[in-house]
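Undergrad: No sequence on hand, only this structure:
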(Lines give C-alpha, C1' and ligand atoms only; values in the text may rest on other atoms or scores of the structure.)
Protein backbone atom coordinates (compact mmCIF):
# COMPACT_ATOMS: atom_id res chain seq x y z
CA UNK A 1 0.00 0.00 0.00
CA UNK A 2 1.18 3.52 -0.83
CA UNK A 3 2.14 5.44 2.29
CA UNK A 4 0.11 8.56 3.14
CA UNK A 5 1.46 11.68 1.44
CA UNK A 6 0.46 15.26 2.21
CA UNK A 7 1.10 16.69 -1.25
CA UNK A 8 0.05 16.02 -4.83
CA UNK A 9 0.55 12.54 -6.28
CA UNK A 10 0.71 11.34 -9.85
CA UNK A 11 -0.23 7.86 -11.10
CA UNK A 12 0.09 6.94 -14.77
CA UNK A 13 -0.08 3.96 -17.08
CA UNK A 14 -0.11 2.95 -20.73
CA UNK A 15 -2.09 0.22 -22.48
CA UNK A 16 -0.81 -1.37 -25.66
CA UNK A 17 -2.87 -4.09 -27.30
CA UNK A 18 -3.26 -5.31 -30.85
CA UNK A 19 -3.57 -2.14 -32.98
CA UNK A 20 -4.97 -0.13 -30.04
CA UNK A 21 -3.02 2.22 -27.81
CA UNK A 22 -4.12 4.29 -24.83
CA UNK A 23 -2.63 6.19 -21.90
CA UNK A 24 -4.00 7.55 -18.65
CA UNK A 25 -2.86 9.65 -15.74
CA UNK A 26 -4.44 10.44 -12.38
CA UNK A 27 -3.49 13.40 -10.22
CA UNK A 28 -4.53 13.19 -6.57
CA UNK A 29 -4.67 16.38 -4.53
CA UNK A 30 -3.81 16.99 -0.89
CA UNK A 31 -7.44 16.42 0.08
CA UNK A 32 -7.53 13.18 -1.98
CA UNK A 33 -9.54 14.59 -4.87
CA UNK A 34 -8.86 12.70 -8.13
CA UNK A 35 -8.20 14.36 -11.49
CA UNK A 36 -8.10 11.66 -14.20
CA UNK A 37 -7.17 12.06 -17.86
CA UNK A 38 -7.25 9.37 -20.55
CA UNK A 39 -6.01 9.66 -24.14
CA UNK A 40 -6.29 7.38 -27.15
CA UNK A 41 -3.12 7.28 -29.25
CA UNK A 42 -3.55 7.23 -33.03
CA UNK A 43 0.01 6.13 -33.71
CA UNK A 44 1.74 2.83 -33.11
CA UNK A 45 4.02 2.60 -30.11
CA UNK A 46 5.70 0.14 -27.78
CA UNK A 47 4.84 -0.43 -24.13
CA UNK A 48 7.79 1.74 -23.09
CA UNK A 49 6.70 4.58 -25.38
CA UNK A 50 3.15 4.43 -24.02
CA UNK A 51 4.46 4.67 -20.44
CA UNK A 52 6.45 7.78 -21.35
CA UNK A 53 3.45 9.32 -23.12
CA UNK A 54 1.37 8.81 -19.97
CA UNK A 55 4.12 10.09 -17.68
CA UNK A 56 4.70 13.31 -19.62
CA UNK A 57 0.94 13.85 -19.96
CA UNK A 58 0.69 13.73 -16.16
CA UNK A 59 3.59 16.13 -15.68
CA UNK A 60 2.07 18.65 -18.08
CA UNK A 61 -1.31 18.34 -16.37
CA UNK A 62 0.36 19.13 -13.04
CA UNK A 63 2.13 22.17 -14.47
CA UNK A 64 -1.11 23.43 -16.03
CA UNK A 65 -2.71 23.19 -12.58
CA UNK A 66 0.17 25.22 -11.04
CA UNK A 67 1.45 22.24 -9.05
CA UNK A 68 5.14 22.72 -8.26
CA UNK A 69 5.73 19.83 -5.83
CA UNK A 70 4.83 16.33 -6.95
CA UNK A 71 5.25 12.72 -5.89
CA UNK A 72 5.35 10.41 -8.91
CA UNK A 73 4.13 6.92 -8.04
CA UNK A 74 5.00 4.37 -10.71
CA UNK A 75 5.27 0.65 -11.32
CA UNK A 76 7.74 0.96 -14.21
CA UNK A 77 11.21 1.16 -12.67
CA UNK A 78 13.08 1.46 -15.97
CA UNK A 79 11.36 4.70 -16.92
CA UNK A 80 12.25 6.49 -13.68
CA UNK A 81 15.78 5.10 -13.72
CA UNK A 82 16.24 6.55 -17.20
CA UNK A 83 14.76 9.93 -16.26
CA UNK A 84 16.99 10.12 -13.17
CA UNK A 85 20.00 9.08 -15.31
CA UNK A 86 20.52 5.89 -13.30
CA UNK A 87 20.16 3.84 -16.47
CA UNK A 88 21.31 5.03 -19.88
CA UNK A 89 19.52 4.23 -23.12
CA UNK A 90 20.54 4.45 -26.76
CA UNK A 91 17.15 3.42 -28.10
CA UNK A 92 16.22 5.94 -30.81
CA UNK A 93 12.52 5.60 -29.96
CA UNK A 94 12.99 6.15 -26.22
CA UNK A 95 15.80 8.72 -26.07
CA UNK A 96 13.63 11.70 -27.18
CA UNK A 97 11.15 10.82 -24.44
CA UNK A 98 13.90 10.70 -21.82
CA UNK A 99 15.26 14.09 -22.85
CA UNK A 100 11.80 15.68 -22.83
CA UNK A 101 10.87 14.16 -19.46
CA UNK A 102 14.08 15.48 -17.92
CA UNK A 103 13.38 19.00 -19.21
CA UNK A 104 9.81 18.97 -17.93
CA UNK A 105 10.89 17.68 -14.51
CA UNK A 106 13.16 20.71 -14.10
CA UNK A 107 10.09 22.97 -14.14
CA UNK A 108 8.99 21.60 -10.77
CA UNK A 109 10.33 23.01 -7.52
CA UNK A 110 10.36 19.51 -6.06
CA UNK A 111 9.64 16.14 -7.64
CA UNK A 112 10.02 12.73 -5.98
CA UNK A 113 9.50 9.16 -7.14
CA UNK A 114 8.04 6.15 -5.40
CA UNK A 115 7.57 2.62 -6.69
CA UNK A 116 4.28 0.77 -6.36
CA UNK A 117 2.92 -2.57 -7.46
CA UNK A 118 0.88 -2.61 -10.67
CA UNK A 119 -2.17 -3.79 -8.73
CA UNK A 120 -2.10 -0.53 -6.76
CA UNK A 121 -2.13 1.47 -9.98
CA UNK A 122 -5.42 -0.07 -11.14
CA UNK A 123 -7.31 3.21 -11.65
CA UNK A 124 -4.85 4.58 -14.20
CA UNK A 125 -4.47 1.11 -15.71
CA UNK A 126 -8.24 0.79 -16.21
CA UNK A 127 -8.53 4.26 -17.77
CA UNK A 128 -5.68 3.52 -20.17
CA UNK A 129 -7.34 0.28 -21.24
CA UNK A 130 -10.65 2.07 -21.84
CA UNK A 131 -8.95 4.79 -23.84
CA UNK A 132 -7.17 2.22 -26.03
CA UNK A 133 -10.33 0.26 -26.84
CA UNK A 134 -12.97 2.96 -27.29
CA UNK A 135 -13.93 4.06 -30.78
CA UNK A 136 -13.55 7.82 -31.12
CA UNK A 137 -14.99 9.25 -34.35
CA UNK A 138 -13.48 12.56 -35.39
CA UNK A 139 -16.87 14.28 -35.46
CA UNK A 140 -17.95 13.35 -31.93
CA UNK A 141 -17.25 14.86 -28.54
CA UNK A 142 -16.84 12.87 -25.34
CA UNK A 143 -17.58 14.70 -22.09
CA UNK A 144 -15.42 14.27 -19.02
CA UNK A 145 -15.76 10.93 -17.28
CA UNK A 146 -17.40 11.12 -13.86
CA UNK A 147 -17.18 8.14 -11.51
CA UNK A 148 -19.28 7.99 -8.34
CA UNK A 149 -19.56 5.47 -5.52
CA UNK A 150 -22.88 3.95 -4.53
CA UNK A 151 -23.27 2.27 -1.16
CA UNK A 152 -26.97 1.45 -1.47
CA UNK A 153 -29.15 -0.22 -4.08
CA UNK A 154 -30.80 2.16 -6.53
CA UNK A 155 -34.25 1.64 -5.03
CA UNK A 156 -33.00 2.89 -1.64
CA UNK A 157 -32.56 6.43 -3.01
CA UNK A 158 -35.72 6.47 -5.15
CA UNK A 159 -38.46 8.38 -3.32
CA UNK A 160 -41.72 9.32 -5.02
CA UNK A 161 -45.26 10.18 -3.97
CA UNK A 162 -47.40 7.12 -3.32
CA UNK A 163 -50.79 6.93 -5.11
CA UNK A 164 -52.62 6.94 -1.77
CA UNK A 165 -50.67 9.96 -0.53
CA UNK A 166 -48.96 7.96 2.24
CA UNK A 167 -45.15 7.60 2.53
CA UNK A 168 -43.46 4.51 1.09
CA UNK A 169 -42.69 3.20 4.59
CA UNK A 170 -46.20 3.64 5.97
CA UNK A 171 -47.02 -0.10 6.23
CA UNK A 172 -43.76 -0.82 8.05
CA UNK A 173 -44.17 2.08 10.44
CA UNK A 174 -47.78 1.13 11.21
CA UNK A 175 -46.76 -2.46 11.94
CA UNK A 176 -43.94 -1.42 14.31
CA UNK A 177 -46.18 1.13 16.01
CA UNK A 178 -49.48 -0.78 16.30
CA UNK A 179 -48.76 -4.34 15.08
CA UNK A 180 -51.45 -3.76 12.44
CA UNK A 181 -51.62 -4.47 8.70
CA UNK A 182 -53.41 -2.62 5.89
CA UNK A 183 -56.91 -3.84 5.31
CA UNK A 184 -57.54 -6.56 2.76
CA UNK A 185 -53.94 -7.68 2.14
CA UNK A 186 -52.91 -11.30 1.70
CA UNK A 187 -51.04 -13.45 4.21
CA UNK A 188 -48.02 -13.32 1.92
CA UNK A 189 -47.97 -9.53 2.02
CA UNK A 190 -48.28 -9.62 5.82
CA UNK A 191 -45.25 -11.92 5.96
CA UNK A 192 -43.29 -9.51 3.75
CA UNK A 193 -44.12 -6.55 6.01
CA UNK A 194 -42.98 -8.49 9.10
CA UNK A 195 -39.73 -9.49 7.41
CA UNK A 196 -38.97 -5.95 6.23
CA UNK A 197 -39.83 -4.49 9.63
CA UNK A 198 -36.93 -6.43 11.16
CA UNK A 199 -34.54 -4.06 9.41
CA UNK A 200 -36.15 -0.87 10.72
CA UNK A 201 -36.22 0.96 14.06
CA UNK A 202 -39.01 3.27 15.22
CA UNK A 203 -38.19 6.09 17.63
CA UNK A 204 -41.43 7.89 18.50
CA UNK A 205 -42.59 9.26 15.11
CA UNK A 206 -39.29 8.84 13.28
CA UNK A 207 -38.51 5.63 11.38
CA UNK A 208 -34.92 4.53 10.75
CA UNK A 209 -33.39 1.91 8.47
CA UNK A 210 -30.73 -0.15 10.21
CA UNK A 211 -27.45 -0.65 8.30
CA UNK A 212 -25.09 -3.61 8.53
CA UNK A 213 -22.70 -1.64 10.75
CA UNK A 214 -25.58 -0.86 13.15
CA UNK A 215 -25.96 2.68 11.85
CA UNK A 216 -29.37 4.32 11.40
CA UNK A 217 -30.65 5.99 8.22
CA UNK A 218 -33.66 8.24 8.63
CA UNK A 219 -36.62 7.34 6.40
CA UNK A 220 -38.20 10.26 4.55
CA UNK A 221 -41.27 10.77 2.42
CA UNK A 222 -41.24 12.43 -1.00
CA UNK A 223 -41.79 15.94 0.37
CA UNK A 224 -38.88 15.69 2.84
CA UNK A 225 -36.61 14.20 0.16
CA UNK A 226 -37.41 17.05 -2.23
CA UNK A 227 -36.55 19.66 0.42
CA UNK A 228 -33.19 17.98 1.10
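TA: Arrived safely, thanks for sending. What you see is a predicted model; the values in this text were computed from it and never measured.
Undergrad: for stretch 172-188, which positions count as buried?
TA: Under the neighbour-count criterion of 16 or more other CB atoms under 10 Å, stretch 172-188 has 172, 173, 174, 175, 176, 181 buried. C-beta here means a position set from N, CA and C on the backbone, and glycine is covered the same way.
Undergrad: now the strands: where do they sit in the protein?
TA: Secondary structure of the chain by DSSP state E: the strands cover 8-17, 20-28, 34-41, 69-74, 110-115, 200-203, 206-210, 216-218.
Undergrad: what packs against the third one?
TA: Using 3 or more CB pairs under 8 Å, 6 or more residues apart in numbering; DSSP states H and E as the contact definition, the elements that strand 34-41 packs against are strand 20-28, helix 47-64, helix 122-133.
Undergrad: closest one to residue 127 among the strands of the chain?
TA: Proximity to residue 127, assessed across the strands of the chain by CB to CB, is greatest for strand 20-28 (3.4 Å).
Undergrad: Identify those among the buried residues of stretch 172-188 that sit within helices.
TA: Residues of the buried residues of stretch 172-188 located in helices (DSSP state H): 172, 173, 174, 175, 176.
Undergrad: From the buried residues of stretch 172-188, pick the one nearest residue 106.
TA: In terms of CB to CB, no member of the buried residues of stretch 172-188 lies closer to residue 106 than residue 172, at 64.7 Å.
Undergrad: Let me know the distance separating the closest one from residue 33.
TA: 38 Å (CB to CB, to the nearest Å).
Undergrad: Could you count how many residues lie near residue 199?
TA: By other CB atoms under 10 Å, 12 other residues sit near residue 199.
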